[in-house]
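*Asks:* Model the structure of this input:
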Amino acid sequence: MMPVTVDGEQVKLATITYKPAGNGPFPVLIFHHGSTGRGTDPALFARPYDPKALAEWFTARGWAVVLPSRRGRGGSEGRYDEGFARDRSQGYSCEENLSLPGADRALRDIDAVTPAILALPFVDRMRFVVGGQSRGGILTIAWTGLHPTEPKAAINFVGGWVGTGCPTAVSINQNLLKRGAAYPQPSIWLYGEGDPFYPLWHTRANFAAFQAAGGKGAFHEYQPPQGLNGHQISSAPQLWSATLEAYLAERGLPAKAN
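*Replies:* Just a heads-up that it's a prediction; the model follows:
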């Protein structure tokens, strides 16, 4: 539990940490979670996000991985309030005036927890990478535009804020992704065929809008293995391992398994 102050409120945010043997300092990946499907099942709010396959891929390469949960999620204190409908039982809202403030709230949580993580004694803050899954992926891109000099790399797994079931999906998602255009380093975008929230026609267009706004990056798409859909590709390192190794190496970061 990591104490932070956000929106004038003192709360403790839950984190899960993976790290290699030894004392470090280690390069660190701060990796952000997504939503809870459609936001209609409060029982899911308390469930920690723990992507073991992804974390172990990084620790095998000498990285520490820290997985913070935002307010009201995964055991963190505070209220979970990331863009709900006025009637919260209806789940996440498609209305831009409700959805986008929820994203801004999430970004403030990331602002609060990042310095606390970078101050941990085993962290090499000069080799800091940010990444995320789904809502965490789109937050990664938006956050790097607000902090263009801090992370050495940005990793977006199947990022988006609202799915294409919302008629506002293009507007909301591109609003957030364009904020990342100020980040001067290339980001990496990893998406899967058959994603029930973010189909490839949608995410390709989002990436094109990001590039048109001046963003730098590379878009990669994968066919998930049997038993997984496109939104779950972070659980299948065999798909993206070589691509991500190459990206990290280009950034001068550890990329090969020890």
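
*Asks:* which parts of the longest strand along the chain are buried?
*Replies:* For the chain, the longest strand by residue count, based on DSSP state E, is strand 123-133. Buried residues in strand 123-133, counting neighbours by 16 or more other C-beta atoms under 10 Å, are found at 123, 127-133. C-beta here means a position set from N, CA and C on the backbone, and glycine is covered the same way.

*Asks:* same check, this time on stretch 192-206
*Replies:* 192, 195, 197-199, 202-203, 206.

*Asks:* Also stretch 165-182?
*Replies:* In terms of neighbour count (16+ other C-beta under 10 Å), stretch 165-182 has its buried residues at 166, 168-169, 172-181.

*Asks:* same for the strand or helix carrying T140, what does it pack against?
*Replies:* When elements are assigned from DSSP states H and E, T140 belongs to helix 135-146. Other helices and strands packing on helix 135-146, by 3 or more C-beta pairs under 8 Å, 6 or more residues apart in numbering; DSSP states H and E, are strand 26-32, helix 96-118, strand 123-133, strand 153-157, helix 169-178, strand 187-192.

*Asks:* Look at I16 and give its secondary structure.
*Replies:* Recorded secondary structure, I16: strand (DSSP: H, G, I helix; E, B strand; the rest coil).

*Asks:* What's the local residue count around it?
*Replies:* A count of nearby residues for I16, using other C-beta atoms under 10 Å, gives 19.

*Asks:* which residues pair with it across the strands?
*Replies:* In this entry, I16 is beta-bridged to L67, by DSSP bridges.
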